[in-house]
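**Q** here's my sequence, what's the structure:
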Amino acid sequence: MRVLITNDDGVSAPGIHALAAAVAGTHDVVVAAPQDEASGMSAALTAVVSDGQIVISSYEMPGVAAYGVAASPAYIVVLASLGVFGLPPDVVLSGINRGANAGRAVLHSGTVGAALTAANYGMRAMAVSLDVLNPDAAVSAASGGNAIVVPSDDVLHWPAAAAAAAGLMDAVASVPAGTVLNVNVPDRPQSELREATLASFGQAGIAVAEAGEGYVRTTIERSGEKLIPGTDLALLAEGYATVTALRPPVEVAGVRIPAQRSPRSPGGG
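**A** Take a look at the predicted model:
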């Protein structure tokens, strides 16, 4: 398979290197990712343009062609679909993200946004994230235990998430075109994979830290919502890796829309 690997943590992030190393031996892989961090971009199509050109730089990565692109992850997927980095991909892998992308908060994720963009273009895709805030991770006792402390990259279990993704390559190749597998892996050496539903909230959320005249300062804190059995967040908390099939936005059938009057013609009574 022709595989594009991208992410939203930037081309130099350890997760993308681990993911490329895990799949490059068995697939035709090209890496193209933002030059700098682009987290929280969702499926935004943004780029830095110089004289009408999107800047693309070669990046050194063992065993694969790699590029740093001055664009959002979703834009990079669009460029790949147009053959900018060689043959268009059959499958897009996005990650490995530093932090879980679970629950309905995946709407805001640049990692998942890139995968959903690929699906919207008829490709198959997989988003892969490492849960750095699982119960084994450090959490500050300040702010009632809600303040977030992310462990150092060099102690995180990137190979475990990469191995989970590599083990799902046959699965992602066989799902219907336009489908995304959203994978979250606990930060531990090994974990069992479970199919999960989306939680109705995210692992963390925005909170107001300070507000005053003409300004507001926000912070990111753990969600205090109750975990529902069978959801991705509940299973992650129990130490399982999770996989959830997603698809791009679609219309909702059966919603009754009130009939609209035709606009009156000019001069009508």
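
**Q** from now on I want contacts and neighbour counts done on CA atoms only, so please keep to that.
**A** Noted.

**Q** contacts for the helix or strand encompassing residue 4, please.
**A** Element membership of residue 4 [criterion: DSSP states H and E] is strand 2-6. For strand 2-6, contacts defined as CA atoms under 8 Å, 6 or more residues apart in numbering pick out 16, 19-20, 27-34, 73, 76-77, 80, 87-95, 114.

**Q** buried ones among the residues you listed?
**A** Buried residues within the contacts of strand 2-6, counting neighbours by 16 or more other CA atoms under 10 Å: 16, 19-20, 28-34, 73, 76-77, 80, 88-95, 114.

**Q** just for this protein, where's the confidence low?
**A** The chain contains residues with pLDDT under 70 at 134-149, 204, 220-224, 265-269.

**Q** where do the strands sit along it?
**A** 2-6, 28-34, 49-50, 53-54, 56-58, 65-69, 91-98, 124-131, 180-186, 193-195, 204-212, 215-222, 241-246 (DSSP state E).

**Q** distance to residue 263 added to those strands, as CSV?
**A** Formatted as CSV, the strands of the chain follow (distance: least, CA to CA, whole Å):
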stretch, distance to residue 263
strand 2-6, 48
strand 28-34, 47
strand 49-50, 42
strand 53-54, 44
strand 56-58, 50
strand 65-69, 48
strand 91-98, 46
strand 124-131, 44
strand 180-186, 42
strand 193-195, 50
strand 204-212, 43
strand 215-222, 43
strand 241-246, 40
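
**Q** helices of this structure, start to end?
**A** Under the criterion DSSP state H, the chain contains helices at 14-23, 73-81, 110-120, 158-167, 169-174, 232-237.

**Q** out of the ones you listed, which comes closest to residue 48?
**A** Judged by CA to CA, the one of these that comes nearest to residue 48 is helix 73-81, at 10.9 Å.

**Q** how far does that closest one sit from the chain's center?
**A** Helix 73-81 sits 14 Å away from the centroid of its parent chain (CA atoms, centre = their mean, to the nearest Å).

**Q** wait, isn't residue 85 in contact with residue 30?
**A** Yes: the criterion here is CA atoms under 8 Å, and residue 85 meets it with residue 30 at 7.3 Å.

**Q** who's in contact with residue 103?
**A** 198-203, 231-233.

**Q** just the closest of those to residue 248, please.
**A** residue 198 (14.6 Å).

**Q** what's the closest non-adjacent residue to the closest one?
**A** Closest residue to residue 198 apart from its sequence neighbours, by CA to CA, 6 or more residues apart in numbering: residue 103 at 4.5 Å.

**Q** check the gap between the one you found and residue 205 for me.
**A** Residue 103 sits 11 Å away from residue 205, going by CA to CA, to the nearest Å.

**Q** ok, now residue 192?
**A** Where residue 205 is concerned, residue 192 sits at a distance of 27 Å (CA to CA).

**Q** swap in residue 23?
**A** Look at residue 23 and residue 205: by CA to CA, they are 32 Å apart.

**Q** same check on residue 7?
**A** Separation of residue 7 from residue 205 (CA to CA): 21 Å.

**Q** neighbour count winner among the two?
**A** Neighbours per residue, other CA atoms under 10 Å: of residue 7 and residue 205, the larger number sits with residue 7, 35 against 13.

**Q** can you pull the contacts of the more buried one?
**A** 16, 33-34, 73, 94-97, 110-111, 114.

**Q** between the residues you listed, which is nearest residue 46?
**A** Nearest to residue 46 among those, with distances taken as CA to CA, is residue 73, at 8.8 Å.

**Q** give the contact list for the closest one.
**A** Contacts of residue 73 (CA under 8 Å, 6+ apart): 6-8, 33-34, 38, 41, 43, 110-111, 113-114.
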